[in-house]
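Chemist: Give me the fold of what follows.
(2 chains)
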Amino acid sequence: MGAFELICPAGTLASLKAAVDAGADSVYCGFRDETNARNFPGLNFSRAEMRQGVEYAHARGKKVFLAANTYAAAGRFAPWKAAVDDAAAIGLDAVILADIGVLDYAAGRHDGLGLHLSVQASASNPDAIRFYQEAFGIRRVVLPRVLTTADIARLNQEVSIETEVFVFGGMCPMAEGRCALSSYVTGLSPNSQGVCSPAEHVRYEERGTQMVSRLGGYTINVFEKDEPAGYPTLCKGRFVARGKTSYLFEEPTSLNAIGMLPELKAAGVVALKIEGRQRGRAYIQQVVSAHRAAIDAFGAGRAVASDRLGAVTEGGRETTGAYTKAWR
Amino acid sequence: MMDDDPRAEPERDDRILETMAARLALLLARPLPPALLQPPLDLVMTILKRRHPGAFERLTELPEAEIVVDPIDMPMAFRLRLGGGEMRLSVCRRDDIGEPAALVRGDFAVLLDLMEGRTDGDALFFSRELTVIGDTSPVVALRNAVDGEDIDMLADIAAMLGPFGRLVRPARGAASRARSSLVGLHDLLLGPALRRVEGVERRLTRLEGR
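Modeler: I've put the predicted structure just below:
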């Protein structure tokens, strides 16, 4: 491990191997059910695949974390219990959780299993983080993507656990784990069922040379010929307000903070996370190797190259997000 | 990857053998009745199933759906029926695509790269090199199942051809070298003329600006 621990996504066993081979320190992935926040068709791991993935990573000195970071349904706790129990049995190094019921179960049943607080818990202040630390013994918190680097530095002075932040990938501009935009339109929840803009509710249509993006029967964007496109999420939809068509919440763009390693180090961040369990293994290989090189360069005091990832960004655009934004 | 690794990153322009072979096969197939075309396609699916059982298992478990994969630089498109316990591949004319659950459109080389996990489907979609029309659910499932496998179409074709399969990789190398030679010849013959034309264009632009 270098100046930061590099945490990389994997939606398939092939992606996990690609992440490890490209220089990940740790890989996070989910089981093929609603217990994880990327519950997409054909994605995620069976128990047997997870076992193979953990063996592959451990044999190379790398860690694997299980994301079981959705909120358990009342009266139907079994899938989340099974996810935590199986993570412990398979030998995953930590579980990334958000639901206090699941955290309580994991803390009470599996002493040696590392607990990380998911970004889905949206714990963005010292009081919230201390609650999870004192109640469940979490070792690390993944900070929501709403804090500036100055906020992170202040927060790190007040908490005694490790902080992990997103460095690259899709941007969620909402209060994570609380957003109901997609639920409102589709009836399915990103927070409890792991499906933001579920594929079965997304349709694309051609209208002349335009591409129309529809979610749950509503038109949420129209792209002109050759205009870079984005994910079909409401937060990145283009709407008419006061007679003007614009992106009301966030434009299609990807976070890229690879050029901010000095600021993030100074802010006390321990681990950098790449978003994208839903992406192909070519993305994983490219993005992970770029970050491995950047972290190693930063650790050795060399200049960090940050111009290699434009082709994989959403909408063909990059942002440093809230790290450099003044809004709250 | 090492340079001599047969899977070493072929550039899209380097898909010349696959593109030429597919175009030739589809041109020959176009006038034939569907009943004659189906047995070789069924054989392709049988071999793919044997070589990639994991991807097949994921795809046959899905709800039934029909996806048309339309390589825009080919004379015909492909129709893939998946889910409901089986998978079936057929070819179709562009005037006979009908109303599939979804349609995926792009250059043949792009689609081949996607199938082999050499490129990221979301990035292709963002850049509009890949078009998806209709229900995205079976397309996402197909993409994830294929991306999770280590598919190498040349190796799969070589497996289909039995002892003749050993000729596939040298053929790709020869096609690639032939293309490089043609590009070199093109540059050698046309380079000076093109440079003169560019010079004239620059002078014209300056004159128009006065």
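Chemist: got a list of contacts for stretch B:43-58?
Modeler: A:42, B:87-89, B:141, B:144-146, B:148-149, B:151, B:156, B:159-160 (CB atoms under 8 Å, 6 or more residues apart in numbering or on different chains). C-beta coordinates here come from the backbone N, C-alpha and C atoms, glycine included.
Chemist: Next, A:V95: secondary structure please.
Modeler: Following DSSP: H, G, I helix; E, B strand; the rest coil, A:V95 is assigned to strand.
Chemist: for it, what are its contacts?
Modeler: A:F65, A:L66, A:A67, A:A68, A:A83, A:V84, A:A87, A:A106, A:L113, A:G114, A:L115, A:H116 are the contacts of A:V95 under CB under 8 Å, 6+ apart.
Chemist: By neighbours, which of the residues you listed wins?
Modeler: Ranked by the number of neighbours (other CB atoms under 10 Å in any protein chain shown), the contacts of A:V95 place A:A68 first, at 31 neighbours.
Chemist: who's in contact with that one?
Modeler: A:A68 neighbours (CB under 8 Å, 6+ apart): A:G30, A:F31, A:T35, A:N36, A:W80, A:A83, A:V84, A:A87, A:V95, A:I96, A:L97, A:V102.
Chemist: same thing but at 10 Å, please
Modeler: Contacts for A:A68 were tallied using CB atoms under 10 Å, 6 or more residues apart in numbering or on different chains; they are A:30-31, A:33-37, A:79-84, A:86-87, A:92, A:95-99, A:102, A:106, A:118, A:194.
Chemist: any chance of the contacts of A:V95 in JSON lines, plus secondary structure and pLDDT?
Modeler: Below are the contacts of A:V95 laid out as JSON lines (DSSP: H, G, I helix; E, B strand; the rest coil; pLDDT from 0 to 100):
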{"residue": "A:F65", "secondary structure": "strand", "pLDDT": "98"}
{"residue": "A:L66", "secondary structure": "strand", "pLDDT": "98"}
{"residue": "A:A67", "secondary structure": "strand", "pLDDT": "98"}
{"residue": "A:A68", "secondary structure": "coil", "pLDDT": "97"}
{"residue": "A:A83", "secondary structure": "helix", "pLDDT": "98"}
{"residue": "A:V84", "secondary structure": "helix", "pLDDT": "98"}
{"residue": "A:A87", "secondary structure": "helix", "pLDDT": "98"}
{"residue": "A:A106", "secondary structure": "helix", "pLDDT": "98"}
{"residue": "A:L113", "secondary structure": "coil", "pLDDT": "95"}
{"residue": "A:G114", "secondary structure": "strand", "pLDDT": "96"}
{"residue": "A:L115", "secondary structure": "strand", "pLDDT": "98"}
{"residue": "A:H116", "secondary structure": "strand", "pLDDT": "98"}
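Chemist: which among the residues you listed gets closest to chain B?
Modeler: Nearest to chain B among these, counting by CB to the nearest CB, is A:A67 at 16.3 Å.
Chemist: The closest one against A:N36, yeah?
Modeler: Yes: between A:A67 and A:N36 there is a contact under CB atoms under 10 Å: 4.7 Å.
Chemist: Residues that sit against both of the two, list them.
Modeler: Both A:A67 and A:N36 are contacted by A:Y28, A:C29, A:G30, A:N44, A:A83, A:I96, A:S118, A:Q120, A:G194, A:R277, under the criterion CB under 10 Å, 6+ apart.
Chemist: Please list the members of those that lie in strands.
Modeler: Among the shared contacts of A:A67 and A:N36, the ones falling in strands (DSSP state E) are A:Y28, A:C29, A:I96.
Chemist: Give me every residue in the stretch 151-300 of chain A that's in contact range of chain B.
Modeler: Contacts of the stretch 151-300 of chain A with chain B, taken as CB under 10 Å from any CB of the partner chain, map to A:170, A:197-206, A:211-213, A:223-232, A:252, A:254, A:276, A:278-287.
Chemist: Just the buried residues out of those residues, in ChimeraX syntax.
Modeler: Of these, the buried ones go into a single ChimeraX selection, burial set by 16 or more other CB atoms under 10 Å in any protein chain shown:
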select /A:170,197,198,199,200,201,202,203,204,211,213,223,228,229,230,231,232,252,254,276,278,279,280,281,282,283,284,285,286,287
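Chemist: So which of the residues of the stretch 151-300 of chain A next to chain B sit within helices?
Modeler: Counting by DSSP state H, these place A:R281, A:A282, A:Y283, A:I284, A:Q285, A:Q286, A:V287 in helices.
Chemist: Take these and lay them out in JSON lines including distance to B:E99 and pLDDT.
Modeler: Formatted as JSON lines, these follow (distance: CB to CB, whole Å; pLDDT from 0 to 100):
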{"residue": "A:R281", "distance to B:E99": "32", "pLDDT": "93"}
{"residue": "A:A282", "distance to B:E99": "31", "pLDDT": "93"}
{"residue": "A:Y283", "distance to B:E99": "32", "pLDDT": "95"}
{"residue": "A:I284", "distance to B:E99": "35", "pLDDT": "96"}
{"residue": "A:Q285", "distance to B:E99": "37", "pLDDT": "95"}
{"residue": "A:Q286", "distance to B:E99": "36", "pLDDT": "94"}
{"residue": "A:V287", "distance to B:E99": "37", "pLDDT": "96"}
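Chemist: what's the closest of those to A:F4?
Modeler: A:V287 (14.7 Å; CB to CB).
Chemist: Please name the residues that touch the closest one.
Modeler: By CB under 10 Å, 6+ apart, A:V287 lies in contact with A:8-9, A:19, A:22, A:167-169, A:254, A:256, A:258, A:274-276, A:279, A:308-309, A:312-313, B:120.
Chemist: So which of those are in strands?
Modeler: Short answer: the contacts of A:V287 in strands (DSSP E) are A:C8, A:P9, A:V167, A:F168, A:G169, A:S254, A:N256, A:I274.
Chemist: Tell me if I'm right that the third one and A:K265 touch.
Modeler: It refers to A:V167. No: judged on CB under 10 Å, A:V167 makes no contact with A:K265 at a distance of 11.7 Å.
Chemist: Provide the secondary structure category for A:G268.
Modeler: coil.
Chemist: which residues touch it?
Modeler: Counted by CB under 10 Å, 6+ apart, A:G268 has contacts A:T149, A:I152, A:A153, A:R154, A:L155, A:N156, A:Q157, A:V159, A:E162, A:T163.
Chemist: For the second one, grab the count of nearby residues.
Modeler: Which is A:I152. Residues lying near A:I152 (other CB under 10 Å) number 22.
Chemist: Which pLDDT does the model give it?
Modeler: Per-residue pLDDT puts A:I152 at 97.
Chemist: repeat for the last one
Modeler: pLDDT, A:T163: 98.
Chemist: And for B:H186?
Modeler: 60.
Chemist: what ranges of the stretch 201-328 of chain A fall below the confidence cut-off?
Modeler: Flagging of the stretch 201-328 of chain A using pLDDT under 70 yields the residue ranges A:306-307, A:326-328.
Chemist: What segments of it are strands?
Modeler: A:202-207, A:210-215, A:218-223, A:238-241, A:244-247, A:254-256, A:271-274, A:318-319 (DSSP state E, counting those that start in this stretch).
Chemist: of those, which approaches B:R94 most closely?
Modeler: Nearest of the strands of the stretch 201-328 of chain A (CB to CB): strand A:202-207, 14.3 Å.
Chemist: Pick out the residue closest to the middle of chain A.
Modeler: Centroid-nearest residue in chain A: A:E275, 4.3 Å away (criterion: CA atoms, centre = their mean).
Chemist: That one contacts A:F166, correct?
Modeler: Yes: taking contacts as CB under 10 Å, A:E275 lies within contact range of A:F166: 5.8 Å.
Chemist: Helix or strand: which one has B:L32?
Modeler: Assigned by DSSP states H and E, B:L32 falls within no helix or strand.
Chemist: show me the contacts for it.
Modeler: Per CB under 10 Å, 6+ apart, neighbours of B:L32: B:V91.
Chemist: Domains in chain B, by residue range?
Modeler: B:12-160, B:165-210 (automatic domain parsing).
Chemist: Out of the ones you listed, which one sits most buried?
Modeler: domain B:12-160 (a mean of 18; mean count of other CB atoms under 10 Å in any protein chain shown).
Chemist: Give me the mean pLDDT for that one.
Modeler: 87.
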